[in-house]
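>>> Sequence and predicted model, in that order:
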Amino acid sequence: MLYIFLGLLLAIVVWLIAVFNRMTLLKNRYQNAFSQIDVQLKRRYDLIPNLVETAKAYLKHENETMKAVIEARNSAAKELNVLKNGLNNPEMIQAFSQAEQNLQAALGRFNMVVENYPDLKASPNMMQLSEEITSTENKISFARQHYNDSVTEYNTYRQYFPNNLVANTFGHHQDATLLEFDDKPKLLTAPEIKFTE
């Protein structure tokens, strides 16, 4: 009888260790996925001042638009730095998402202004920066999708019964928060091609 009890106790301990280790692995996976977003966002934040600087010569009367882009960029960069220390904090994620949406809106307004300056759009520097930013935006979207997939996997595993008992007992107290941006405003839009008959 003692051997059965010890065997059962050992099985429970092994199961607890396995569940805890799996949760830790999944948590580390989504944190690593966020670091990939961080890299791409920093790249975009570094490109934005170059974009504004390139446009300055053409957009002399659009100082408010350029200033709004830089301010939104600085705000988003600040929120990103704050978020690194609070990735499990839904309020911090919401603040960061809002800062990113504000940046996207400012970039959208900037793009509308640039549309009125064909010489600026045709500038080699502007074309190169636009291409780099578009490429970076695609990488951000991919990294964000990977992060959200990792968060969903962690949350699902954490919520399973009886895993949720282990999670609450050993430091995995809350679900991770998905990172969602409003993707409607875009810096660059694909050209519309129309064929006439």
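Right, received. Where do you want to start?
>>> for the record, mean pLDDT for the longest helix seen in the chain?
Scanning the chain for the helix with the most residues, using DSSP state H, yields helix 2-56. The average pLDDT within helix 2-56 is 92.
>>> just the helices in this structure please.
For the chain, applying DSSP H gives helices covering 2-56, 63-83, 90-115, 118-122, 124-159, 163-169.
>>> Dump these to JSON lines, plus distance to F181.
Backbone N, C-alpha and C define where each C-beta goes, glycine included. Shown next, in JSON lines, are the helices of the chain (distance: least, C-beta to C-beta, whole Å):
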{"stretch": "helix 2-56", "distance to F181": "10"}
{"stretch": "helix 63-83", "distance to F181": "10"}
{"stretch": "helix 90-115", "distance to F181": "5"}
{"stretch": "helix 118-122", "distance to F181": "25"}
{"stretch": "helix 124-159", "distance to F181": "7"}
{"stretch": "helix 163-169", "distance to F181": "28"}
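>>> Take these and write them to TSV, including distance to T177 and mean neighbour count.
Listed next are the helices of the chain as TSV, based on distance: least, C-beta to C-beta, whole Å; neighbours: other C-beta atoms under 10 Å:
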stretch	distance to T177	mean neighbour count
helix 2-56	10	15
helix 63-83	10	17
helix 90-115	4	18
helix 118-122	38	12
helix 124-159	7	16
helix 163-169	16	15
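>>> Please enumerate residues in contact with stretch 163-172?
With contact meaning C-beta atoms under 8 Å, 6 or more residues apart in numbering, stretch 163-172 is reached by L16, V19, F20, M23, K27, Y157, R158, H173.
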